[in-house]
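K.L.:
Okay, here's the prediction I keep looking at, along with the sequence it came from:
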Amino acid sequence: MFLVTGATGELGRRIVRESRLKNLPVRAFVRLISDYAELSHRGAEVFIGDLKRERDIEKAMKGIQFVISAHGGDSEALDYRANIDLIDAAQSEGVQHFVFISVLGVDRGYEDAPTFKAKREVEKYLQASGLNYTILRPSGFASNLLPLAEQFRRTGVYLLVGDPRSRTSIVSPDDLARIAIASVDLEAARNQSLAIGGSEILERQDVPKILGRIFNREPVMINPPLFAFDAVRNLIGVVSSDGKESLGTLRALLANEFYLTPAETARIESIYGFKLETLEAFLRRYLSI
Ligand SMILES: NC(=O)c1ccc[n+]([C@@H]2O[C@H](COP(=O)([O-])OP(=O)(O)OC[C@H]3O[C@@H](n4cnc5c(N)ncnc54)[C@H](OP(=O)(O)O)[C@@H]3O)[C@@H](O)[C@H]2O)c1
């Protein structure tokens, strides 16, 4: 039995769908307030709880062989504490394999980015735990672009903050879901930390060009510089230091490059035995074009 946290999220629900398509038993950890009807219709066992409660995590772990931690949120309570509690509970239960969804660039020491810091600490804790593990470090998800694509469809406008030439390997969350599930069975993925991206290195300015091709319209790119973002962030800091701090992760994402080298891409495709999807293919699939 798999335990999937964040099972109603962009990635988690794809992990649940994919595991049910493969007829694998899966327990979906969800909050009472979440929309989890689809998960039970697909045959997942639904566990209602709150990842901020250690007791709920211990209960959810009963009888579990494989954990996929795919939740996110508040960096201290969810990205850090809930994962530490999951790892402790997995150890007590004698779980066979723990898959942790981290983030690309987690090991670059971004001091001002709370999510990156929390995930790095969890990675170290998991590596020292003695559990079999796979740490997956994805780049940004292609699904994040779907609302922007819909806006582009209506207006032709694309907002890009920061350097339009910075490079990225946007990942299909469907590929990532397949990879997360397969990791528990593959010798080559055991006790590895793997960068996961799409099959190509794009510049961020390629995204509106791709949308222009898909919707057959000339893109209008609005491109505020990073210092404009910083000015807004500093203003927010005047009223809320927490608000400013949480925008630190977004700033790290906007200010840096997140792409896989061709060797890293080839390694993933060789371990998991399939070709990673391009951003254009993903968008065409979801936008039905
Ligand atoms: N999105 C990206 O581009 C990206 C890139 C790299 C890495 N990642 C990592 O990939 C993972 C999945 O990301 P995502 O975009 O799929 O996340 P998401 O869509 O934001 O989903 C977050 C999930 O966490 C659940 N959750 C939040 N608080 C909870 C609580 N107290 N108890 C139980 N569940 C709770 C949410 O449940 P509700 O439905 O109840 O809110 C939701 O299912 C995260 O670890 C994220 O850091 C994401």
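P.N.:
On my side now, so go ahead.
K.L.:
could you list every residue that touches residue 1?
P.N.:
With contact set as Cβ atoms under 8 Å, 6 or more residues apart in numbering, residue 1 has these partners: 25-27, 45, 63-66. No exception for glycine: its C-beta is placed from N, CA and C like everyone else's.
K.L.:
Buried by neighbour count, from the residues you listed: which ones?
P.N.:
Burial by neighbour count, 16 or more other Cβ atoms under 10 Å: within the contacts of residue 1 this picks out 26-27, 64, 66.
K.L.:
can you narrow the residues you listed to ones near the ligand?
P.N.:
Among those, not one lies near the ligand by Cβ under 6 Å from any ligand atom.
K.L.:
Mind putting those residues into CSV with pLDDT and secondary structure?
P.N.:
Formatted as CSV, these follow (pLDDT from 0 to 100; DSSP: H, G, I helix; E, B strand; the rest coil):
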residue, pLDDT, secondary structure
26, 98, strand
27, 98, strand
64, 98, coil
66, 98, strand
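K.L.:
Distance to residue 164 added to the residues you listed, as JSON lines?
P.N.:
Shown next, in JSON lines, are the buried ones among the contacts of residue 1 (distance: Cβ to Cβ, whole Å):
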{"residue": "26", "distance to residue 164": "40"}
{"residue": "27", "distance to residue 164": "43"}
{"residue": "64", "distance to residue 164": "45"}
{"residue": "66", "distance to residue 164": "41"}
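K.L.:
Which one of these is nearest to residue 288?
P.N.:
Nearest to residue 288 among the buried ones among the contacts of residue 1, counting by Cβ to Cβ, is residue 26 at 27.8 Å.
K.L.:
Distance check, the residue in the stretch 151-289 of the chain that the ligand sits nearest to against residue 110.
P.N.:
Nearest to the ligand, among the residues of the stretch 151-289 of the chain, is residue 173, at 6.7 Å (Cβ to the nearest ligand atom). Separation of residue 173 from residue 110 (Cβ to Cβ, to the nearest Å): 23 Å.
K.L.:
Show the pLDDT at the residue of the chain found nearest the ligand.
P.N.:
In the chain, no residue comes nearer to the ligand than residue 9, which is 2.2 Å away by Cβ to the nearest ligand atom. With respect to pLDDT, residue 9 has a value of 97.
K.L.:
ditto for residue 22
P.N.:
At residue 22, the model reports a pLDDT of 97.
K.L.:
burial of residue 78, as a residue count?
P.N.:
18 (other Cβ atoms under 10 Å).
K.L.:
Same question for residue 228.
P.N.:
Other residues within reach of residue 228, judged by other Cβ under 10 Å, total 12.
K.L.:
can you check residue 169 too?
P.N.:
For residue 169, the neighbour count with other Cβ under 10 Å is 25.
K.L.:
Show the contacting residues for it.
P.N.:
Contact partners of residue 169, counting by Cβ under 8 Å, 6+ apart, are 139, 197-202, 258-260, 265.
K.L.:
Kindly reformat the residues you listed as TSV and extend each row with distance to the ligand, pLDDT and secondary structure.
P.N.:
As requested, the contacts of residue 169 are exported to TSV (distance: Cβ to the nearest ligand atom, whole Å; pLDDT from 0 to 100; DSSP: H, G, I helix; E, B strand; the rest coil):
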residue	distance to the ligand	pLDDT	secondary structure
139	7	97	coil
197	10	96	coil
198	12	94	coil
199	17	92	coil
200	17	95	coil
201	17	97	coil
202	15	97	strand
258	9	97	strand
259	13	96	coil
260	13	96	coil
265	16	97	helix
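K.L.:
Between those, which sits nearest residue 20?
P.N.:
residue 198 (24.9 Å).
K.L.:
okay but the closest one is in contact with residue 172, surely?
P.N.:
Yes - using Cβ atoms under 8 Å, residue 198 is in contact with residue 172, at 6.4 Å.
K.L.:
joint contacts of these two?
P.N.:
With Cβ under 8 Å, 6+ apart, residue 198 and residue 172 have common neighbours 142, 276-277, 279, 282.
K.L.:
tell me which residues in the lowest-mean-pLDDT helix or strand in the chain are buried?
P.N.:
None of the helices or strands of the chain scores lower by mean pLDDT, DSSP states H and E than helix 241-255, at a mean of 87. Under the neighbour-count criterion of 16+ other Cβ under 10 Å, helix 241-255 has 244-249, 251-255 buried.
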